[in-house]
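**Student:** Give me the fold of what follows.
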Amino acid sequence: MSQTPPAPPSLQELRKEIDSIDEQIHRLLMARGDIIDRLISVKQTQEIGSAFRPAREADMMRRLVQRHRGILPLDTIESIWRVIISTFTYVQAPFSIHADVSLGESTMRDSARFHFGFTVPYISHFSASAAVEAVAKSKGDLALVSATSSRIAWWTTLEADGAPKIIARLPFVERADHPAALPVFVVSRVADSAMVTEIETWSVRVSGWNAEIARALSPLAEIVAVPDTAFDGAALLVSIAGPNRLEKIKLALIEAGASVRASALVGSHATRYTVPPNGVANS
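**Tutor:** Below is the predicted model:
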């Protein structure tokens, strides 16, 4: 005789399961808060620099993508985790976000809110230089500046010892239709031990810069260029990966007919981690 299949759970039973899971999530978040409270007591939170840890956060977001499955969209789970991480970072050592909105406010605000939530104060500035200057005067604030275009060579202010540096590039996980897809550099003062150096960012000043040289360098590095009247050429912000990074760029510039006048390391960040349409992540 065939057995009668068990009756499916009722809506009330399923809702009770959801309520139980919600309660567990809340209790776990409160438990996380208790650990952060203990962490504050043992961590040197009074040191100069942000409590933001780009190396750790990039790794956390990569692992999040790798283990994610099911019907919940990755956009949702990433935004939830970003709010959790950023809010607890803020609880450890309060900081503000200084955003350069000179190239458009809505996309920059979307990036700031997606990655840092609504608890962290958001302050808009009408130039990258103003945002970076505000960070330089702070204890641990962050500046958000476009990573792909600029009207001024704001990165030259990062060249001096003790100046803020580029410490991250957002989003940590890139994919088609990302809700906060604007490529953004995070600038701050942060402990050397917290830095990730997979990609180095260099301020390079050249003479003889032109569109042909820019095309020759594009396969080797990501470059932002603005006119530099002091050198009758251009000021470049160059993001490079791999060994002997800067020397390869300098050699390519010379071979293309440009002269390198000066160079300075102005930061570093994690390699871009991309999720193609098939859902398999690559770095």
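
**Student:** Pull the contacting residues for Gly257.
**Tutor:** 208, 213 (Cβ atoms under 8 Å, 6 or more residues apart in numbering). In this view, the C-beta of every residue, glycine as well, is placed from N, C-alpha and C.

**Student:** Repeat the analysis, applying 6 Å as the threshold.
**Tutor:** When contacts are counted by Cβ atoms under 6 Å, 6 or more residues apart in numbering, Gly257 touches Gly208.

**Student:** Against Ile36, how distant is Gly104?
**Tutor:** 34 Å (Cβ to Cβ, to the nearest Å).

**Student:** nope, Phe52 is what I meant
**Tutor:** Counting by Cβ to Cβ, the gap from Phe52 to Ile36 is 14 Å.

**Student:** Look at the two and report which has more neighbours.
**Tutor:** For Phe52 versus Ile36, the count of surrounding residues by other Cβ atoms under 10 Å is larger for Phe52: 24 against 15.

**Student:** For the more buried one, give me phi and psi.
**Tutor:** phi -60, psi 130 (degrees, to the nearest 10).

**Student:** tell me the pLDDT at it?
**Tutor:** Phe52 carries a pLDDT value of 84.

**Student:** Name the helix or strand of this structure that has the lowest mean pLDDT.
**Tutor:** Across the helices and strands of the chain, mean pLDDT, DSSP states H and E gives its lowest value to strand 273-275, namely a mean of 83.

**Student:** Could you tell me how many residues sit around Glu174?
**Tutor:** The tally of other residues near Glu174 (other Cβ under 10 Å) stands at 17.

**Student:** ok, now Leu72?
**Tutor:** 10.

**Student:** With Gly242 instead?
**Tutor:** Gly242: 11 neighbours (other Cβ under 10 Å).

**Student:** And for Pro6?
**Tutor:** Pro6, neighbours per other Cβ under 10 Å, totals 6.

**Student:** That one and Lys16: what is the separation?
**Tutor:** For Pro6, the distance to Lys16 - Cβ to Cβ - is 17 Å.

**Student:** now Thr89
**Tutor:** In terms of Cβ to Cβ, Thr89 sits 35 Å off from Lys16.

**Student:** the more surrounded of those two?
**Tutor:** Set Thr89 next to Lys16 and count neighbours by other Cβ under 10 Å: Thr89 wins out with 21 against 12.

**Student:** got the residue ranges for the helices in the stretch 151-283 of the chain?
**Tutor:** Remark: helices assigned in the stretch 151-283 of the chain by DSSP state H, counting those that start in this stretch are 211-217, 245-256.

**Student:** neighbouring contacts of stretch 228-247?
**Tutor:** Contacts with stretch 228-247, where a contact means Cβ under 6 Å, 6+ apart, come from 153, 155, 199-202, 204-209, 221-226, 249, 261.

**Student:** from those, which would you call buried?
**Tutor:** Buried subset of the contacts of stretch 228-247 (neighbour count, 16 or more other Cβ atoms under 10 Å): 153, 155, 199-202, 204-206, 208-209, 221-226, 249, 261.

**Student:** From those, which land in strands?
**Tutor:** Under the assignment DSSP state E, these contribute 199-202, 204-206, 222-226, 261 to strands.
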